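# One predicted model, sequence on top.
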Amino acid sequence: MNVEPMLAVLTDERFSDPGWIFERKLDGERCLAERRRGEVDLRSRTHERLNGTYPELADALLGQRCADFLIDGEVVAFEGARTSFGRLQQRIGIHDPERARRSGVRVFYYVFDVLRLHGEDVREAPLRARKARLRKAIRFGGPLRLVTHRNAAGEDAYRDACRRGWEGVIAKRAGAPYRAGRSRDWLKFKCVTEQELVIGGYTDPAGSRTEFGALLVGYYERGALRYAGKVGSGYSREVLRDLGAKLAALERPDPPFAGDGLPRRGVHWVEPRLVAQVAYTEITRDGKLRHPRYIGLRPDKPAADVRLERPVA
């Protein structure tokens, strides 16, 4: 399987439109799932094979009556009624099926689109038609769930999502085909503000903190890695230990960031390979984070693809 997923564009516009549908935004790991010739293949956005990480999902898809399909969805874990990427982190990176099953973290595959059915490429079909075929082709239950949607009432969907403490809403043009890459036919209405950022360094620990004090993070702009600030909160002892070991293995003598204004005292630079999910209150005009908090690593996101997400109208 070598398929690029369709991706949404962030917007600060909120609207209702009968030509659009509105789905809950899930905080998990994107996953394309293919069944063909009696085998199931699960792949991340970066084409990493996920069968060993989510063996129960592969088993559930292998048990389907439909023997040939390619579907798109999100793998999630829950904390109460909310999807929790932090909890899912306990499964991400495990490639042994038995270890994954013993992790104690229950996962679900929320499916929202279909790209191929019974050998037929359906990506050019309108979204509503694809969803109708998806509902008929796949038996949902157990770890397999169908992403439901609202028709037309985007503003109501957004208010309801924020009231429930969800991450937000994905607005999708109902008549649009499935296109690889980012498209204005899919829009993100976010209730909380999060951003993927590249780790380019870390500071020494202080007080009772171990391993490191804060991450130094940035994003790519015109081919250069721009510094976005320090992320000093959100770390458990386990995260400090595990992430600290990863950072130590990537140390380099010079900063990977372009430009001036970098911290210099008690700083260690690293190769810009790791991507962190960071929550924050706002981004200043000069591209710096305010009140950032570490959420987790994103091994499914290539560092070179990380850009600063600014809402579009």
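That came through, no problem. This structure is a prediction, so every number in the text was calculated from the model and none was measured. Numbers count the residues shown, from 1 in each chain.
# Helices of the stretch 101-250 of the chain, residue ranges please.
Secondary structure of the stretch 101-250 of the chain by DSSP state H, counting those that start in this stretch: the helices cover 127-137, 154-163, 237-248.
# list the buried ones in stretch 102-110?
Of all the residues in stretch 102-110, those buried under the rule 16 or more other C-beta atoms under 10 Å are 105, 107-110. To be clear about C-beta, it is placed using only N, CA and C from the backbone, and glycine gets the same treatment.
# if you look at those, which of them are in strands?
108-110 (DSSP state E).
# Quick one: these as a markdown table, columns for distance to L250 too.
Shown next, in a markdown table, are those (distance: C-beta to C-beta, whole Å):
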| residue | distance to L250 |
| --- | --- |
| F108 | 33 |
| Y109 | 32 |
| Y110 | 33 |
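# got CSV for the buried residues of stretch 102-110, with pLDDT too?
Putting these into CSV (pLDDT from 0 to 100) gives the following:
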residue, pLDDT
V105, 95
V107, 97
F108, 98
Y109, 98
Y110, 98
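# export the helices of the stretch 101-250 of the chain to TSV and tack on mean pLDDT and mean neighbour count?
TSV is the format used below for the helices of the stretch 101-250 of the chain (pLDDT from 0 to 100; neighbours: other C-beta atoms under 10 Å):
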stretch	mean pLDDT	mean neighbour count
helix 127-137	97	17
helix 154-163	92	17
helix 237-248	94	14
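# who wins for proximity to R173 among these?
Closest of the helices of the stretch 101-250 of the chain to R173 is helix 127-137, at 6.9 Å (criterion: C-beta to C-beta).
# who touches that closest one?
Helix 127-137 has contacts (C-beta atoms under 8 Å, 6 or more residues apart in numbering) with 21, 66, 69, 71, 111-114, 117, 122, 125, 146, 149, 172-178.
# Buried ones among these?
Buried by 16+ other C-beta under 10 Å: 21, 66, 69, 71, 111-114, 117, 122, 125, 149, 172-174, 176, 178, out of the contacts of helix 127-137.
# which strands and helices sit next to the helix or strand bottoming out on mean pLDDT in the chain?
The helix or strand of the chain with the poorest confidence is strand 282-283; it has a mean of 78 (mean pLDDT, DSSP states H and E). Applying 3 or more C-beta pairs under 8 Å, 6 or more residues apart in numbering; DSSP states H and E, one finds that strand 282-283 contacts strand 289-290.
# any idea of the mean pLDDT in the strand it packs on?
What strand 289-290 shows for mean pLDDT is 86.
# out of the buried residues of stretch 102-110, what pair is the most spread apart?
Of all pairs drawn from the buried residues of stretch 102-110, the widest gap by C-beta to C-beta lies between V105 and Y110 and measures 15.6 Å.
# Break this protein into its domains for me.
If you go by automatic domain parsing, the domain ranges for the chain are 6-190, 194-305.
# closest to E196 out of the helices of the stretch 101-250 of the chain?
Closest to E196 of the helices of the stretch 101-250 of the chain, according to C-beta to C-beta: helix 237-248, at 15.6 Å.
# Low-confidence regions, this structure specifically.
311-313 (pLDDT under 70).
# any idea which element the closest residue to E309 other than its chain neighbours lies in?
The shortest distance from E309 to any non-neighbouring residue, by C-beta to C-beta, 6 or more residues apart in numbering, is to L10 (4.7 Å). If you go by DSSP states H and E, L10 is part of strand 6-10.
# Against which helices or strands is that strand packed?
By 3+ C-beta pairs under 8 Å, 6+ apart, strand 6-10 packs against strand 181-190.
# where along the stretch 151-300 of the chain do the strands fall?
According to DSSP state E, counting those that start in this stretch, the stretch 151-300 of the chain carries its strands in the segments 168-173, 181-190, 194-203, 215-221, 224-231, 251-252, 267-270, 275-279, 282-283, 289-290, 293-297.
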